[in-house]
Structures are given as C-alpha cells and as structure tokens.
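S.K.: Make a model of this:
(4 chains)
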Amino acid sequence: MSGYAYYPGCSLLGTGKSYDESVRAVFEALGVPLQELENWNCCGATAYSSIDECTAFALAARNLALAHRRGDPILAPCPNCYLVLTKTQRYLEQYPEIRQRIVQTLERLGLNLGHDVPIRHPLQVLSETPGLEAIRQKIQKPLKGLRVAPYYGCLLARPYPIVEDPWNTTILEDFIRVTGAEVVPYAYRTRCCGGALTGVVREAGLRMVYILLREALRQGAQAVVTTCPLCQFNLEAFQDQALRKNGIQERIPVLYFTQLLGLALGLPPKKLGLHRHLIPFQPQRKALQEAVA
Amino acid sequence: MSAYEPKIVGIFCNWCAYTAADLAGISRMKYAPNVRIIRVMCSGRFDPQMVFWAFKHGADGVLIAGCHPGDCHYQEGNYKALRRYKLLQKLLDQLGIERERVRLEWISASEGEKVKQVIDEMTETLRRLGPLKIQEAPGEEAAAAPAAGGGHHG
Amino acid sequence: MKGNGEVPRIGVYVCDCGTNIAGKVRVAEVVEFARDLPGVVVAREYKYMCSDPGQDLIKRDIQEYNLNRIVVASCSPLLHEHTFRKATAEGGLNPYLVHHVNIREDVSWVHEDSDEATRKAKAIVHGAVLRVAWQKPLEPQSVPVRDSALVVGGGIAGISAALTLAEAGKQVYLVEREPTIGGHMAKFDKTFPTLDCAACILTPKMTAVKDHPNITLITYAEVEEVDGYVGNFKVKVRKKPRYVHEDRCVGCLECIEACVFKEPRFPNEFDLGLSKRKPVYIPFPQAVPPVVTIDPDTCLYLRFGKCKKTCVEACGDRNAIDFDMKPETLELEVGTIILATGFKTFDPTRTPKYGYGRFPEVYTSLEIERLVNSSGPTGGEVVMRNGQKPKRVGIIHCVGSRDKNTNPWCSKVCCMYSLKLAHLIHERSGAEVYNFYIDMRTPGKGYEEFYNRLAKEGVHLIRGRVAEVTDAPLHPEEEGKLIIRVEDTNIGVVRRIPVDMVVLAVGLEPQPDADEVRRLFNISCSTEGWFLERHPKLAPVETFTDGVFVAGACQGPKDIPETVAQAQAAAANALALMDKGSVEMEPNVARVNEELCSGCHICIGLCPYGAISFNEEKKVAEVNEVLCKGCGTCTAACPSGALSQNLFSDHEVFSEIMGVLL
Amino acid sequence: MEIQRTIKYEAELDRQFAYEIAQSPGAETLFECIQCGACSAACPVSIYMDLTPRRVIAMTREGFKHEVLSSLTIWLCSSCYACTVECPVGIKVTDVMYALKQRAIKEGYGPRKVLTRLLAQSFFQAVKEDGRATERKVMLRLYRRAGLDHLIRMAPLGLKLWRTGRLSAFGTERIKNPAEVRTLLECLEEQEGGKSP
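M.R.: Predicted structure coming up:
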C-alpha cells in the first residue's frame, strides 16, 4: 500500500492541468497519500466506445489490472475516467464472455484483471479521510461571502453515482461550505455541459454552456465550482462566445473544487494552478476582501 | 458439450415452490428439462432417504425446494428440512458424493423466475460434475418398489 | 399387489389441452408408453380431459374396464386435481385413488425441445403409475364452520363485504386501523366516470355498517394474532385507546370546541396535512363511528400530564372522555376471514425529478382529491399553498408506475382519476389543464366515453413521460413558473410547458405492512407485495389458506366498481363455506402403525400443531387427526417407519421418485 | 409544391438490424421500449436532433437501419447518461447510441465530415499510437481532417491555452511502452475480425 493509485487521465495532463496541480496540492496538505499509477494508459473515454466497445473495455481494464497488481484503490479525479473505469468493471462482471476475452488478452501482457479494485473520486475520498470536520479545522482563509454555484456535471451523478442518492446529495455543497463560501441553489447542477459537443457541434455546445452559466449568474453566483476537467474547460473556454452570443456582459470564473478548497486551506494560488485560468478568479477575491474589510 | 444429461429429482412443497413452478409455466419461462418435480405438501416431508433412493435409481441430483424461512405454510417444516439437509451434507462428504448434487432452495410462490434460475444452474453444475459414481452394494436387488413395511428405512 | 392386496387396474389419461400440451409433447407416444406399464389396463389421449366428455371417459372406463386406479397427466393439480377426484368418485371409485400429474406447467410450457418434453412427460407418467398403485381409499374428515366472519379493513372493499355477509345473517366483525371507516374512497370528491359524489354513495354504506345488528365494528384496532384453521379461526384484535368511550360519545363535538388549543394546530391526517386539527378531533364530519379521538402525541394531558382538561368539562355528564383508557385485546372466533386491507399511494419523494417536497406547488393526486372536495380544507376551491388560484395546471401520469426504477406495474386507476381531476380542476378554477400520459388506459364501462368528454372539454392531452419539473427558466414566459419538460411524442418534439401547479398522479402500492399481514394470515404475496390469489382466473378471491379470502386493492390495483365486485365475490365465497356449515379437510393426515412404533417420542416434539401425543398405556404415539394439518414432517422423521402420511406415504413418494427416473 | 412519398415497405426494412443492436451490452431491453419519450425529454441535446432518441429506438426496433444510421442524432449524443437513468424499462440508451455509432462508422454511413465521428477516429488513432490521448495531438488531427476553416476558428483558443500551459505545444504524452497497448488492442481486433475504422 503506497496510498491511492492516482489516475490523472489524459485531460489532467493538458487542459485540466490545474485540476492535477490542485488535487496533488490539496491531498498533500491534508496528508492523504497518493502516488501516480505507473504507466497508466488512456481510459478510452466516450470517444473510444463509439469505435468499438470491446477495445474500449480493454483499455480501461489494463488500468484496473495495473492497480490490482499494485494493490491500491484508484483515485480518478476526472469523472469521465471515473465512469469509464467503473462501467468497465461493472460490465465485465455482467458479461462474462467479454470478460473472458479481455482477461485472456491481458494475460498475454502478464496482467491479471482482478475483480474489485475500488475506484474512487476525490470527493468521496476526502469526505471520508480526513473527513469534512477535520478539513474544517484546517481552514486558514475562509472564503466568506463568496457565492458559489455547485456543479457536479453528469458522470459523478449517473449512471454510477459516487453517492447513494444523487438527487438529494450535498457532498459538493458540503465541501463548498467548509471553505466558508456560500452555496447558491443551482437547478442545473447535474445537467450536461455539452461534453465534446463544444468542439464538434458548436451551436449545440454553446447553447448548453450558456444555459448553465446563465442560471449560475441568475442565482447571483460569483464562481462555478466543478469536479470535471471537461466541464471546467467548456464553461471557461467557451464562456465568452456563449454569453456574448446571448448579449450577456458578465463573466464568471470556473474553478475546481480542489482549488476552492486549496485556497481556503491557505495554499498559494500558483500551486493550485489558478494562474492557468482564462477567467481570473483574483478580481472577485479582491472585491471580496474589500467587502469584508 | 457431452451428450450426458443429468437427471434430477425435485421435491417441491405444495404452497410455495410447486406454485412457483406453476407460475414459471404460466409465464412460459424456458428452463432445462432435467428436473422431474414431485409434489409434497411441505418441505418438512423431505427425508434424506429420498436422496439415496433417488441416487440408487439413477438420479444425478436432488433439488428440494420449500417456502422461505418464516413463510412455511405449516409454520416450521422448512426449518426441519434445513436441519436434515445440513446433516445430509456431512453424510455426503463421508460417502464421497459431491455436495452440489443435493440442493435446498427457498422459493416463494411468486418466484417463478427463481425456479428457472435454480433449475438451470443446478443442471449446469451437474453437467459439469458428470454422472454420479456410486458403488451398488452387492446383492441388493433392484426392487420395483420399496420393500413393504418401509423397508428402506431399515 | 399393493397396499390393500388388490391387483392394480390402472387407467391413464393424457390430456392434449388443445395444443397447450400436444403442441410440444407427443401425447400419442406418451399414451403408447403408458399402455405397457405394469398394471395399466387402458391408456387414452384426449383433447380436454377437464371437459365433461373428458371426465365421462374416466367414469365410463372405470365401469367398463373395472379400473381401480386412475392417472391423469394434464395441467397442474393445483388447478384440476379436484375435478378428476370428482370424476373418479362419480365413476364409483374412492376419489383418492386418482393421481394427477402435471405435464403442462412443468413440461410443455417450459421446455422448447419436443423430444426432451416427451421424454420428461413419459417419466412423469411412469412415476404416477408406480405411485398410484400404492394409493389407498380415504375418507375426508369434515369439520364444522363457524357462522361468523372477520373482515379486515374498513374501506369500500371491507364495507361491501361486511354488508353482504351481514345481510345474509352472518355475524361479522369489521376491524379497521384508523379511527373511522371509509378508507381512501372517503377522501374523494367525485368518482369516475359518472362523477357522482363519493360521499353520497359511500356515507350511507358507512352508516349501514354502524347500524347493522349483525356487524360489530371495531375501529382504531389491528389484528394481532391468528390461530386455528378454516371454520375455526381464533383471532386476537388489539384495540388502541382512543381515550373516548365510543358508547358514551354522542358526536356533539363540544369537546373539540372546548379544547385548550383555541386553534387547530396539528396536521390533519385525513386531509394529508392540508388542514389542521386539534389533539381531540374527528377525521371528518361524516366519520363512522361518529365519535372523537384523542391523539396521545399532541394532547397536553396525555403527553405531559398537565392540562385544564376543558374537554372533560365540556363532555359533562356524558363522561365519554377517559384518559386512563388502556389498549384492549379482544378475542374473536370466526369461521372465515376476508382481507380488505387496501393500498397505499406511491411516495413521490422517490422520484425527486418531479420536485415534490421541493416545490410547494407540486401536489399528489390524493392531495388534490382533498383540495377539490367540497368538504375538504378549501371547501372545494382549487387554491394553492401560496394562496393563489392556478391558471395552468399540469397533471403527470404514471408517477411511480410503469417504471423499473420505482414500480413496474400499471396502477390501473390513474389515467381515469387524472382525467377526473382534470375535469374538476378546470371546472372549479377555470385553469387550463395539461395531462401528460404514456398510454391512455380507459377500459371499462363508460370510461372511454369519459375520455372523449375530457378531450372535448379542451384538456391538453400530451403523450409523453415527463422527465423533469424545474423552476429554472430559459424563456421569459417561464419566469416564476414550474416548467415541465416532456417530449410530445405524438409530434416528436421536446416541449417545455410552464404551469402554476403540478399534480402527480401517484400509483398504487401494497400497504407497507402487507408482508407482516400476510404472515399473520398465512397467505402469500406476489413479488410486488400484493396478496396472492389462489388462481388468477379461476379463484381470484381465494387464497392458499382455506377460509381466508381477499378483496379490493390489497390484491392489486383496482377501481371502485371492481373493488366492490370483488368484495361481494369474497363475501359470497365465505358465505358458501359458512352456509354449508362444514368443510371437508384434505385427508392427508399422518397415521401411526402401532406395531412398528417404538415409542421414541421423536415425532411428538416435531409436530407444530401438537397433534401427536404419547399413549402411555400402549407406549406408542397417537395422531389426533383433527389437529393434524398434513405436512408430513413426522413421517419423514420417524426412524421406524411407523408414521405414514396419507397420500404421501413412503410407498407413494418413493415409488414416484423411482418412476420419474426413467 | 413538391411532394414526397413517405411510405415504407416491409421489404426495405432490415429486421436483423434490431436483433444485432439488441445484442450489444446495455441494449438487451430494446424491445421492451414503451415509447414514453422520457429519454428525449431528459436529453439536453434532443432539441437539436433530427430524430428524438425515442424515435431512434422505435426505428431501430422496426429495422429502419438506413434512417437510423444516417441520422444526426447518434452524433449529437454527448454521453451524459440522462436518458439511461430515466428509462423506465432499463434501456441503456447511451449504450445503444454507441452501438449505432459503431455500426455507422463500420458501414460508412453518414456525412464524412461529421466532427464527432472524426474526433472519435482521431482519438482512437492517438491512443493506439501513444497509449494516451494528448489533447493537442487529437485536436490538431481532428481539425486537420475537418478542414482549414475549423483549424483557424479554433486557433485563438488554442493559443490562449498554450499560453497558460494547458496545451503542451511540443511534447506528446506517451506511456513507457505504447506497444503494450497496441498489442492489447490488436489482440482484440483480431478476435473481432478486424474492426478498426
């Protein structure tokens, strides 16, 4: 056991770089050990399933086998990876024929699939160890007065929710409150951000981004907090186009929950990758500090 | 897949398991034809002797099915069956007969699906195990019926 | 030569059941096979053995071939064993000399391969032929049936059953859990499709129950224990204290007026919390019995022991209020039991997407029943929780029905009641009403006509299952509204429809304690939890326990006409039993062969009914046949083979085992 | 006024198609569909679809293979699983969409320049080469295939991302031995009888 088998996934190496940075920083600050799963490969994502289901399962299965060999639970911050790995695990239990083929193929690579490598999301992990109460004790710079829209995105809520009752869960909201920020009611907290559509079917993607942002603004949120690199990317990178198209001048920063948490824990913004964001969070904070002062 | 097909005797209680088998029929579920169901009023009527008798006459397995615990039409006959079943399993071990050849299941009147599932599963298990290998005691006649006066109990 | 020394002359009858059996099993081949079995004198195939000509075949052959044993291979014995026993008896043989085996439910319906099915049918017939040779003539015992009945549940089902029985002169005990009878129907304003007022048709029945000399009404009470068997049930009923003597209370309601709580403060359960009541209350003005109840959870005196007890003062000389009242257990002896325990409505918090509990203006259909009821909390005005009248209302069908995520079954009544509510809401408020349905199910007399009428009245009928009710607007018209998102599947377009009020047409579910109740009465439930009838078509109100019948929605979703019909059918079944005065018990009791009994006592402890005792004189076990229920547990356990269960003796069962191993 | 005949003759339908799709994992209950439209209503993209998801299911079930595989719907699905959790009969609609996409690609259906499809293919290739999907590489490949105008349109955003270090300009993420992943995939493809697009 060398802590969680950290599985950043491809996005966290690119557009989601700051998610990677903030996850590592927060886990370190909270003393939860994690170590990258060595030599992991792409989970297959949704695109891969469009080509061939079975090879998509195989890609995910290789990672499961690597974690199985290491004997640690997988930590997957990217909901897409979380879903694909979980789904693969479930389907391979459900469809013994597919499992058979994949097990045989993995054996040729000297790998053993195993059955039940736990696949966890940082929200789950941190809410258990150290737990919200312990985190609350460590808060150094509470984000008082900040109004935040909690945005789970799709894949933590369905089809394999990280919590039992995704409709009534408040796991993300609880984290936001721990940082001292205020949660605004957000009806679209599990509505789709458009996924890959922003890049491939522009009009549909922008509309979906617009709907989410408009509601956050309508509720008076000063930031949207996400748990997903693709959601973060869509809501931030396409925000300008989506809002401009609908005549809205305001802009709203989109943060990872780990960044929000990191700030409250007193970690330096740079360590949390905040400098990588296209819509800076800083001005709001300044305004806040003024308001508080 | 070999041509071997196991023969299984089913001892089903009237109120739950047998009714469930009827339900499976009414619902036109399809399952393996290997189990011959014999209706008794209660799984409490199940007698381990039935198993040996069945084995002797060519059965590869015996499936006993009764009401779920707490649901027995006769209050607690199924518990009695369970007790006998547990003892029987030990006996099977001693005789070198695989435990899987005798199975006890709780099937409520509404569980037609379970009848199908259990029968299919058990048939598959017995197909894998192959025919029962048991040595006939020398000199024992292949009686056409149990000897009068409950001789098989002797 | 078997059992009684007779040479068996067996007749074997294999049924085609139309094509039900013959379509899979090669019946002629089975008959050929049977003909050569030991003892078989005649073997025949017939298209429908259960028909008159089929039965005549058996009767004729008994005479003609001097048969002394009969085997019928057809459907399940649970369906027709009785038929063939009757035919055998009419042919002049003892009815217990027939053995009926199942080659339909157990063979032709469940196997695909014709060869396999035929082989299995032969094996089963073989088993039956070997077994039947051992069967003995038996005489069934007859036990008396008490002339009284217990009806559990005081909704429209229980009321109807009780009145039918009482009219026929039987003593009826009607037990109801709530303080009043009336059930769900008492909550409704109008009933579909005729729109006649529910109260107008129900309350006279409720009063009739109260006034009937043959009915003992026991409200605020639950059955606690059931013992005995058909004809002779012993039932314990626990009556909760209502802190008011029913015989002294005259229903003047002055105590309510006098209660120290000047204003009603506690949610009135009967109005589903849409109105308030005091700790001393009557659920609704027409309640039966028309007496008040004191709620121990809210009454100051009962909770804290301190109160001015102004209610007692107001009651005065009548002395009806009694704070020292304790729970009471009544013991009843009845011959038959009718279960009419009803249903519960689906809890829509289980489908959070519709916002029940989150948005105040989302209601259940039952709440709307109270809201449109002229004796309800708003006097029949459609006024929302926010005090306004809705301009536009959406009724969502199939909430908690037809959905694997909640309940997979169709609740049967929701389409019709949703149309009714659409009509009433429109009539009372002038609101524009949208009904969102998956399929409009209106089979029933006058039902389709009612649907047509609603369509004519201009209700929007949108075919599509609603995905979500939200308050997040995307369009100016949606500001401040609840928005229903649905695919209008007739058009093939997704629509967002802003409304002021949402009504969830919640489905019907088994009562939460259905499983406990079924154990109490020793009956079965379907997978869904509805009480299981003995046969879905031919014995729809009987259960697997003789003398216990079911009526109404406890057996499955039903509307009022169906419920009443079923209740009266259950009453008729119970009457038939009671009027006959006695019932023949299956003679499958155990017997002791005194010569073989070693007096080991093993069987005595095993019998759950205490039917076996030890004869100290003879030093052998003895079975009391009246107490024996015929489970056979003792027979299986007897180490010396002295105990034998009729119809399931070792000879019979072991021969059958050998036979099926063909 | 131009008119068009819309009748569909039975001979033009592909009955087998429905059974083949129902074979794919998650689509087993395809034939149990009650056409309630919950999938369409839950779908955030259905407003752009030529066939609502409900119609896709109905047409698949009845063998309207050509219409289904040529529809935009399957390429608009964003895999958000809203339909899957809503379906009252347990059809995993998202998985059905995957199965249809696979079929469409395999059989060369639909306009070649549907970006969703090019994205899937670019992604597929990248993973096969490197074991990981470097976003920059996938995107470049996608927009190169899609056409210059797409590339130009995306350039400003790409530049911004590059400046903030979110789009590695040169390096390619690669696992230590991409050959291992390649072997894994090729093994399975062999079993399938060569399925790569």
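
S.K.: ranges for the helices of the chain?
M.R.: You didn't say which chain, so I picked chain A. A:17-29, A:45-51, A:53-70, A:79-94, A:96-108, A:122-126, A:132-138, A:171-178, A:197-200, A:202-218, A:229-237, A:239-245, A:257-264, A:282-292 (DSSP state H).

S.K.: sorry, should have said chain D
M.R.: D:15-23, D:38-42, D:53-62, D:65-70, D:73-76, D:82-86, D:93-106, D:115-130, D:135-146, D:148-163, D:178-192.

S.K.: for the stretch 51-200 of chain C, same thing?
M.R.: Secondary structure of the stretch 51-200 of chain C (DSSP state H, counting those that start in this stretch): helices at C:52-65, C:77-90, C:114-132, C:156-167, C:198-211.

S.K.: now, of those, which is deepest in the fold?
M.R.: With neighbours defined as mean count of other Cβ atoms under 10 Å in any protein chain shown, the helices of the stretch 51-200 of chain C peak in mean count at helix C:156-167, which reaches a mean of 27. Where you see a C-beta, it was placed from the backbone N, CA and C, and this is true even at glycine.

S.K.: Following the record's annotation, map out the domains of chain C.
M.R.: Chain C breaks down by automatic domain parsing into domains covering C:10-140, C:254-318, C:345-508, C:590-645.

S.K.: what distance separates the start and the end of the last one?
M.R.: The first and final residues of domain C:590-645 sit 4 Å from each other (Cα to Cα, to the nearest Å).

S.K.: hang on, the earlier thing: deepest of the helices of chain D, which one?
M.R.: By mean count of other Cβ under 10 Å, these have helix D:38-42 as the most buried, with a mean of 30.

S.K.: Can you list the helices and strands that that one packs against?
M.R.: Secondary-structure packing of helix D:38-42 (3 or more Cβ pairs under 8 Å, 6 or more residues apart in numbering or on different chains; DSSP states H and E): strand C:482-488, helix D:53-62, helix D:82-86.

S.K.: who touches the shortest one?
M.R.: Spelled out, that is helix D:82-86. A:154, A:158-159, A:192, C:353, C:405, C:467, D:26, D:38-44, D:53, D:91-95 (Cβ atoms under 8 Å, 6 or more residues apart in numbering or on different chains).

S.K.: returning to that earlier point: now for the helices of the stretch 51-200 of chain C, which one comes closest to chain D?
M.R.: Closest of these to chain D is helix C:114-132, at 24.5 Å (criterion: Cβ to the nearest Cβ).

S.K.: Show me what the closest one is packed up against.
M.R.: By 3+ Cβ pairs under 8 Å, 6+ apart, helix C:114-132 packs against strand B:35-40, strand C:10-15, helix C:27-35, strand C:69-74, strand C:98-102, helix C:650-660.

S.K.: How far does the fourth one sit from its chain's centre?
M.R.: Shown here is strand C:69-74, whose average C-alpha point lies 33 Å from the average C-alpha point of the whole chain (Cα atoms, centre = their mean, to the nearest Å).

S.K.: List the neighbouring strands of that strand plus their orientation.
M.R.: Partners of strand C:69-74 in the sheet, by DSSP bridges, are strand C:10-15 (parallel), strand C:98-102 (parallel).

S.K.: check contacts around residue 58.
M.R.: Just going to use chain A. Counting by Cβ under 8 Å, 6+ apart, residue A:58 has contacts A:102, A:105-106, D:184-185, D:188.

S.K.: Wait, chain B was what I had in mind.
M.R.: B:7, C:661.

S.K.: Look up how far residue B:95 lies from it.
M.R.: Look at residue B:58 and residue B:95: by Cβ to Cβ, to the nearest Å, they are 17 Å apart.

S.K.: One more: residue C:200?
M.R.: From residue C:200 to residue B:95 the distance is 74 Å (Cβ to Cβ).

S.K.: Now for the residue nearest to residue A:190 when sequence neighbours are not counted, how many residues are close by?
M.R.: Of all residues not flanking residue A:190 in the chain, residue A:157 sits nearest, at 4.1 Å (Cβ to Cβ, 6 or more residues apart in numbering or on different chains). Residues within reach of residue A:157, counting by other Cβ atoms under 10 Å in any protein chain shown, total 22.

S.K.: List the residues that contact whatever residue of the stretch 51-200 of chain C ends up closest to chain A.
M.R.: Of all residues in the stretch 51-200 of chain C, the one sitting closest to chain A is residue C:112 (21.9 Å; Cβ to the nearest Cβ). Applying Cβ under 8 Å, 6+ apart to residue C:112 gives the contacts B:30, C:24.

S.K.: show me where pLDDT drops low in chain D?
M.R.: D:110-113, D:168-171, D:190-197 (pLDDT under 70).

S.K.: Nearest residue to the middle of it?
M.R.: residue D:101 (4.1 Å; Cα atoms, centre = their mean).

S.K.: Report the separation between the closest residue to residue A:246 other than its chain neighbours and residue D:185.
M.R.: The shortest distance from residue A:246 to any non-neighbouring residue, by Cβ to Cβ, 6+ apart, is to residue A:210 (5.5 Å). Distance, residue A:210 to residue D:185, using Cβ to Cβ: 38 Å.

S.K.: do residue A:166 as well
M.R.: In terms of Cβ to Cβ, residue A:166 sits 33 Å off from residue D:185.

S.K.: next one: residue C:307
M.R.: 80 Å.

S.K.: could the helices and strands packed on helix D:38-42 be laid out in CSV, adding distance to residue C:14?
M.R.: As requested, these are arranged in CSV below (distance: least, Cβ to Cβ, whole Å):
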stretch, distance to residue C:14
strand C:482-488, 54
helix D:53-62, 41
helix D:82-86, 50
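
S.K.: and residue C:77, which of these is closest to it?
M.R.: Nearest of the helices and strands packed on helix D:38-42 to residue C:77, taken as Cβ to Cβ: helix D:53-62 at 40.7 Å.

S.K.: quick one: that closest one to chain centroid distance?
M.R.: That offset, for helix D:53-62, works out to 16 Å (Cα atoms, centre = their mean).

S.K.: is it anywhere near chain C?
M.R.: Yes - contact between helix D:53-62 and chain C, assessed by Cβ under 8 Å from any Cβ of the partner chain, occurs at D:54-55.

S.K.: which residues of the chain score low on pLDDT?
M.R.: All of this refers to chain A. In chain A the weaker segments, taking pLDDT under 70 as the threshold, are A:1-2, A:282-293.

S.K.: The chain in question should be chain C.
M.R.: Ranges of chain C meeting pLDDT under 70: C:1-5.

S.K.: and it, which residues reach chain D?
M.R.: Counting by Cβ under 8 Å from any Cβ, chain C sits next to chain D at C:353, C:398, C:402-405, C:438-439, C:463-468, C:485-489, C:492-494.

S.K.: Let's see that with 6 Å instead.
M.R.: Listed as neighbours of chain D in chain C under the rule Cβ under 6 Å from any Cβ of the partner chain: C:402-404, C:438, C:464-465, C:467, C:485-487, C:489, C:492, C:494.

S.K.: Great, nothing more from me.
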